[in-house]
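Novice: sharing a sequence plus its predicted fold:
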Amino acid sequence: MARTIIPFGPQHPVLPEPLHVKLVVEDEIVQEAIPALGYVHRGLEKLAEIRDYHQMIQIVERVCGICSNIHSMCYCQGIEEIMGVEVPDRAKYLRTIWSELHRMHSHLLWLGLFADAFGFEALFMQFWRIRERIMDINEATTGSRVITSVNVVGGVRQDLTPEMCSWILSEVNTAEKEIKGLQNTILNDYTVCTRTKGVGVLTKEQAYDLGAAGPTLRGSGVASDMRLLKYAAFDKIDFEPVVENDGDCYARSTVRFRETLQSAELVRQALAGLPQGEIATKVKGNPEGEVITRVEQPRGECLYYIKGNGSKYLDRVRIRTPTFANIPPLLAMLPHCELADVPVIILSIDPCISCTER
Amino acid sequence: MIENQIEITLESLVGEVSKMKSAGQRFVTLSCTNIGEGKVDIIYHFDKDEVLTNLRLTADIDKPIPSVSGIYFAALLVENELQDQFALTFEGLVLDYGRKLYLDDEITIIPMCNNTKAMTPKK
């Protein structure tokens, strides 16, 4: 049988960012997939040599716009651990609220893009319309829709007034109601089910062995979530990872859909338990030592390795983003699928190339 | 400050990583730091039930390091990344981009080494 090599990307309608996958196909069936990265690599880790450790907060936020707040939180947690800084409880709750809002808008963005990948444009618009509520909360509470810049070493730089808390609660409740209104369409629609059920299957063993992260791992039945590490205020609120067992595109989209609703619940819990008090501790000195911190981003586990040398510049900031971890599992999902399913499978890991090429 | 850390050598690397695999540890990533005098610190991170185990290897930049991508396929991308960024050589990589995962042909410097010097890209 004739083998053909088809280039997928780096510019493709379903890919918001450049990723190239060389697909070896026989007839319409993919036999092999070889990825190529490096189209937009920015070398942000290198900047640690010339930007002081406070400025690095703004740099790591730019690793990815969609989860900027969670990147800066992870970085700040690492520096705080090295320097032995105790973060006030109120700041921990505020970080939790903003990080869960980020997860909500990231998943809503993805759910829209996913619907668009198989041509369901009305659904795409609906998810993005709901997402605007969350973006409005970001803008009203932090001054920015995407790069919020609220985390600082020692706490946060913005506080929420009681009026803001009530408004956030009402907006999150409304968003949750609207998301539930789309549940039947995204999870039970004939087209959605046909295009996603049994497609791009990643078994539990494969997901674990290949180092998958986030909804890609949990969609294959592994209950791994870094929020179980109880960072920020996750030790004070009820949390159980969302897990689906089928390991296909449908399972991964179901995990993200359910996590969107879960995030709304976590925001509600954090708002209800928000303690009074300071929002930041003053930090003096420079970090010396090394630390590894991990948080759960919308796409999965994010790891920071930070090494300080006692000066204001860090020796090393190493960032392992979830999409980087999910590329090897993607290479296991693609073989034996139909060529037409490739865009859906690639989107099912929620690829973020700006994360991957930080 | 790094918990669950085990010091390993170039000779014991493959054996220790195989033990991790047998113990059901999930591969997370590698972290590499240039520590000067032609040496790097490489930390192999593994996770099981949200507990991280770290293998720390101090290696010479100019000596080949055995690849663990044959044990953990997921290591292939990060090992290729380290080849690009630190000019390391991983022997036995299951898919070797030859220092061109991120770098273009015309780049002849080692991005993550402070003492930046010219190098010849691997063919």
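Specialist: Structure received. Numbering: from 1, shown residues only, chains lettered A, B, ... in the order given.

Novice: before we move on, which element is the residue nearest to A:V242 when sequence neighbours are not counted in?
Specialist: Of all residues not flanking A:V242 in the chain, A:R258 sits nearest, at 4.6 Å (CB to CB, 6 or more residues apart in numbering or on different chains). All C-beta spots, glycine's among them, are computed from the backbone N, C-alpha and C. Applying DSSP states H and E as the criterion places A:R258 in helix A:249-273.

Novice: pLDDT of that helix, averaged?
Specialist: The pLDDT scores in helix A:249-273 average 95.

Novice: show the pLDDT at the spatially most central residue of chain B.
Specialist: Nearest residue to the geometric centre of chain B (CA atoms, centre = their mean): B:E79, 4.9 Å. Looking at B:E79, its pLDDT stands at 95.

Novice: isn't it right next to B:P66, touching?
Specialist: No. At 10.2 Å, B:E79 does not count as touching B:P66 under the criterion of CB atoms under 8 Å.

Novice: how about the residues of the stretch 51-200 of chain A by chain B?
Specialist: Taking CB under 8 Å from any CB of the partner chain as the contact definition, the stretch 51-200 of chain A meets chain B at A:E81, A:I82.

Novice: in the stretch 51-200 of chain A, what residue is nearest chain B?
Specialist: Closest contact between the stretch 51-200 of chain A and chain B, by CB to the nearest CB, is at A:I82 (6.7 Å).

Novice: which element is that residue on?
Specialist: Using DSSP H and E, the element containing A:I82 is helix A:68-83.

Novice: how many residues are close by the residue of the stretch 1-150 of chain A found nearest chain B?
Specialist: Closest contact between the stretch 1-150 of chain A and chain B, by CB to the nearest CB, is at A:G38 (4.0 Å). Residues within reach of A:G38, counting by other CB atoms under 10 Å in any protein chain shown, total 18.

Novice: then A:D189?
Specialist: A:D189 is flanked by 16 other residues according to other CB under 10 Å.

Novice: can you check the one 5 residues further on too?
Specialist: The burial count assigned to A:T194 is 12, neighbours taken as other CB under 10 Å.

Novice: residues touching it, list them.
Specialist: Counting by CB atoms under 8 Å, 6 or more residues apart in numbering or on different chains, A:T194 touches no other residue.

Novice: can you check A:L314 too?
Specialist: A:L314 neighbours (CB under 8 Å, 6+ apart): A:A48, A:Y53, A:M56, A:P287, A:I306, A:K307, A:G308.

Novice: now it. Nearest residue, chain neighbours left out?
Specialist: Residue nearest to A:L314 in three dimensions, not counting chain neighbours: A:A48, with 4.5 Å by CB to CB, 6+ apart.

Novice: in the stretch 101-250 of chain A, mark out all the helices, start to finish.
Specialist: Assigned by DSSP state H, counting those that start in this stretch, the stretch 101-250 of chain A shows helices spanning A:121-142, A:162-181, A:183-188, A:190-196, A:204-209, A:215-218, A:249-273.

Novice: and what of the stretch 251-358 of chain A?
Specialist: So, for the stretch 251-358 of chain A - with DSSP H, counting those that start in this stretch - the helices run A:322-333, A:342-348, A:353-356.

Novice: residues contacting B:R56?
Specialist: So B:R56 contacts B:I2, B:Q5, B:I6, B:E7, B:I8, B:D41, B:I42, B:I43, B:Y44 (CB under 8 Å, 6+ apart).

Novice: helices - which of these land there?
Specialist: Among the contacts of B:R56, DSSP state H puts none in helices.

Novice: which of those fall within strands?
Specialist: Among those, DSSP state E puts B:Q5, B:I6, B:E7, B:I8, B:D41, B:I42, B:I43, B:Y44 in strands.

Novice: show me the beta-bridge partners of the second one.
Specialist: To tie it back to what came earlier, the one meant is B:I6. B:L55 (DSSP bridges).

Novice: was I right to think it contacts B:T53?
Specialist: Yes. Here B:I6 reaches B:T53: they are 7.2 Å apart, a contact under CB under 8 Å.

Novice: and B:Y97, how far is that from chain A?
Specialist: Using CB to the nearest CB, to the nearest Å, we find B:Y97 at a distance of 8 Å from chain A.

Novice: what about the longest helix belonging to chain B, near chain A?
Specialist: Taking DSSP H as the assignment, the helix of chain B that covers the most residues is helix B:75-86. Yes. Helix B:75-86 is in contact with chain A by CB under 8 Å from any CB, via B:L76, B:L77, B:V78.

Novice: my guess is the second one contacts B:D96, does it?
Specialist: No. B:L77 sits out of contact with B:D96 when judged by CB under 8 Å, with a separation of 11.5 Å.

Novice: just want to know which of the two has more residues nearby.
Specialist: Higher neighbour count among B:L77 and B:D96: B:L77, with 23 against 19, using other CB under 10 Å.

Novice: tell me the pLDDT at the residue lying closest to the more buried one once chain neighbours are set aside?
Specialist: Distance criterion CB to CB, 6+ apart; nearest residue to B:L77, sequence neighbours excluded, is A:I327 at 6.0 Å. pLDDT recorded at A:I327 is 93.

Novice: what about A:P18, how many neighbours?
Specialist: For A:P18, using other CB under 10 Å, the count is 16.

Novice: so who does it touch?
Specialist: Under the criterion of CB under 8 Å, 6+ apart, the neighbours of A:P18 are A:G9, A:P10, A:Q11, A:Y39, A:V40, A:I353.

Novice: correct me, but the last one touches A:F324?
Specialist: No. At 10.0 Å, A:I353 does not count as touching A:F324 under the criterion of CB under 8 Å.

Novice: who has more neighbours out of those two?
Specialist: Comparing A:I353 with A:F324 by other CB under 10 Å, the one with more neighbours is A:F324, at 26 against 20.
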